[in-house]
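S.K.: quick check, what structure comes out for this input:
(chains A and B)
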Amino acid sequence: MTLALYFDYVIFPILTLAVILSFIRLYKGPDVADRIIALDLIITIGIGMVTAFSLRSGQALFLDVAMIFALIAFLGTIALSFYLYKRRMQ
Amino acid sequence: MDIFIGLLSTIGALAILFASIGVVRMPDFYLRLSVTVKAATMGVGVFLICAAIVFPDSEVPVKALAIIFFLLLTAPVGAHMIGRMAFRSKISVWKDTWIDDLESRYTVDEQDEKPSAEE
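M.R.: Predicted structure coming up:
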């Protein structure tokens, strides 16, 4: 079994299952904060998936996408928690 | 070499899977937060270490280490910010949580916080 086949049949299904499980929390999270951390987890798994695809396809260019994802994840988390804070103030 | 990369990426994928199982199964917002951030950051970090090992040219490990450094820098900051906002907006803790060090403090804080927020 080569490394590409191993990535196709083991690593990517595990990551997909992780995304589906955190989508369950995004759907039924009882509060906004639960949904925020579910979104944060999904973007973090997205960084992992992009890196795994870069490993599988052998093209290092995809790591730039992972870097942009990391930036966007941090900005989105900060912005959403600031929104939560402002909403409580009103 | 391939076996080593496969082993490392399996560890990373399992860490990410445990993080998302934890975010579904944990009973409380704060427990979910503490499970998610650490495990997912570790999993993605292991994947990026794999990428730094695999690609031979000197540009990729620097990029991967930059992403790892950025994740390690921003994940605790974001988690702390969400946790603080959640505690201030009084999201309830789990019924079996028996240590709450901030329980009496934030009720005092909130009273003298409100005038400053209306400015």
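S.K.: buried residues of stretch B:3-13, list them for me.
M.R.: If you call a residue buried by 16 or more other CB atoms under 10 Å in any protein chain shown, then stretch B:3-13 has these buried ones: B:Ile5, B:Gly6, B:Leu8, B:Ser9, B:Gly12, B:Ala13. Where C-beta positions appear, they are placed from N, C-alpha and C, glycine not excepted.
S.K.: what's the closest non-adjacent residue to the second one?
M.R.: Which is B:Gly6. Distance criterion CB to CB, 6 or more residues apart in numbering or on different chains; nearest residue to B:Gly6, sequence neighbours excluded, is A:Tyr6 at 5.2 Å.
S.K.: helix/strand/coil for B:Lys95?
M.R.: coil (DSSP: H, G, I helix; E, B strand; the rest coil).
S.K.: list the buried residues in the longest helix belonging to chain A.
M.R.: Secondary structure assigned by DSSP state H gives helix A:62-89 as the longest helix of chain A. Using 16+ other CB under 10 Å as the test for burial, helix A:62-89 gives A:62-63, A:66-67, A:69-70, A:73-74, A:77, A:80-81, A:84-85.
S.K.: among the residues you listed, which are within reach of chain B?
M.R.: Contacts with chain B are made by A:Leu63, A:Ala66, A:Met67, A:Ala70, A:Ala73, A:Phe74, A:Thr77, A:Leu80, A:Ser81, A:Leu84, A:Tyr85 out of these, judged by CB under 8 Å from any CB of the partner chain.
S.K.: surely the second one touches B:Ile67?
M.R.: It stands for A:Ala66. Yes - the pair A:Ala66 / B:Ile67 is scored as a contact, 5.8 Å apart, by CB atoms under 8 Å.
S.K.: which residues are in contact with each of these two?
M.R.: With contacts taken as CB atoms under 8 Å, 6 or more residues apart in numbering or on different chains, the residues that reach both A:Ala66 and B:Ile67 are A:Ile47, B:Leu48.
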